[in-house]
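In: Just need the structure, nothing else, for what follows:
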Amino acid sequence: MNRHRKTKPARSWLEWIRELQREVFMSTKPSALTDLMRSRRSPRAFLPTPLDPATIRGVLQDAQLAPSNSNTQPWVVHVVSGKARDTLSDNLLAANKDGRRSLDFMLDYGEGVHRQRAQQHAAVHHGVRGIDRSDHEGRAEITRENLRFFGAPHAALLFMPMLGDGVRAAGDVGMYAQNFLLSLTARGFHGIPQAIISFYADTVRESLGVPGDLKLLFGIAFGTADPVSPLKSLDLDKVPYEHSVVFHDDPCV
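Out: Next up, the predicted model:
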């Protein structure tokens with residue numbers, strides 16, 4: 001036996017991660033992450049079963065890893081469950097009934113393709129529910145379902161400070177939210193971003209004791225999607241990436 005033979009040192013955890021990253025980045029085959037992103041859906045019906053606290057903490061830890069401008073990490077997140085969730089929902093419904101809207105940010109789809117996409121989304125959603133465009137009460141009930149968080153046992157309210165004009169901070173919060181949603185999906189759960197919650201920003205701040213210098217961008221209802229509801233996954237098409245991307249010296253040719 002050659003007692004002087006050199007043995008190869010064991011790979012460190014960091015070296016193993018870097019090797020895996022190289023394999024993923026250099027491969028043109030769909031990865032587990034790609035499958036995860038393509039499987040994410042925004043359900044509009046949830047089971048009332050609460051998530052385990054450890055699961056929620058894990059999702060929040062994953063979301064916290066989001067990139068941000070100069071590592072400012074401008075998100076401030078309030079998570080409501082149980083009685084706090086029910087009270088907030090009741091307050092939102094009361095504000096809706098009384099017409100007490102209070103938006104921190106303007107909502108405008110413009111007059112072009114973005115408005116058309118929003119209208120197509122509404123048509124699919126209303127069609128699944130069997131609600132005609134002229135059914136004003138049916139459409140009002142959809143709004144109330146939103147404010148009930150679609151029955152989800154939890155909701156995250158995403159606030160941000162107004163740093164400059166707020167655009168960069170809002171982009172950072174968006175990346176945080178995507179981490180949040182993908183982490184839920186990876187764990188077998190679901191979430192849906194809810195811009196309508198921000199229509200009642202003052203109501204949310206008053207309910208949760210949030211200072212006025214924090215602006216509400218949107219909410220995320222989350223939990224376990226109702227597997228038998230027709231609203232668990234609306235058939236909404238995404239436009240091909242060529243509609244959104246302009247190549248210069250196209251590497252895809």
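In: residue contacts, the spatially closest residue to A45 that is not a sequence neighbour?
Out: Closest residue in space to A45, ignoring its immediate chain neighbours: S229 at 3.6 Å, by CB to CB, 6 or more residues apart in numbering. Every residue, glycine included, has its C-beta placed from N, CA and C. Counting by CB atoms under 8 Å, 6 or more residues apart in numbering, S229 touches 43-45.
In: so S229, which of the three states?
Out: The three-state assignment at S229 reads coil, by DSSP: H, G, I helix; E, B strand; the rest coil.
In: Strands of the stretch 51-200 of the chain, start to end?
Out: 76-81, 154-161, 190-194 (DSSP state E, counting those that start in this stretch).
In: contact partners of the last one?
Out: In other words, strand 190-194. Under CB under 8 Å, 6+ apart, the answer for strand 190-194 is 41-44, 46, 146, 149-150, 152, 155-156, 177, 180-181, 184, 218-225.
In: Apply 10 Å and report the result again.
Out: With contacts defined as CB atoms under 10 Å, 6 or more residues apart in numbering, strand 190-194 is touched by 40-46, 59, 146-147, 149-150, 152, 154-158, 174, 177-178, 180-185, 217-226, 231-233.
In: Please pick the buried ones from those.
Out: 41-46, 59, 146-147, 149-150, 152, 154-158, 174, 177, 180-185, 217-226, 231-233 (16 or more other CB atoms under 10 Å).
In: that older thread, out of the contacts of S229, who's nearest G99?
Out: Comparing the contacts of S229 against G99 with CB to CB places R44 closest, at 23.9 Å.
In: so what pLDDT did the closest one get?
Out: At R44, the pLDDT value in this model is 88.
In: Ignoring the adjacent residues along the chain, who's closest to L88?
Out: The spatial neighbour of L88 that comes closest, neighbours along the chain excluded (CB to CB, 6+ apart), is S207 at 4.9 Å.
In: what's the burial count for L214?
Out: 18 (other CB atoms under 10 Å).
In: er, Q73 I mean
Out: 15.
In: Contact partners for the closest residue to A169 other than its chain neighbours?
Out: Spatially, and ignoring its direct neighbours in sequence, A169 is nearest to P74 (4.1 Å; CB to CB, 6+ apart). Contacts for P74 (CB under 10 Å, 6+ apart) come out as 68, 159-163, 166, 168-173, 176, 214.
In: Pretty sure S207 sits against L93.
Out: No. Counting by CB atoms under 10 Å, S207 sits too far from L93 to count as a contact (11.8 Å).
In: gap between A156 and Q194?
Out: 10 Å (CB to CB, to the nearest Å).
In: list residues touching both of these two?
Out: With CB under 10 Å, 6+ apart, A156 and Q194 have common neighbours 218-221.
In: What separation do you get for the residue lying closest to M160 once chain neighbours are set aside and Y176?
Out: Spatial nearest neighbour of M160, excluding adjacent residues (CB to CB, 6+ apart): A169 at 4.7 Å. In this view, A169 and Y176 are 10 Å apart by CB to CB.
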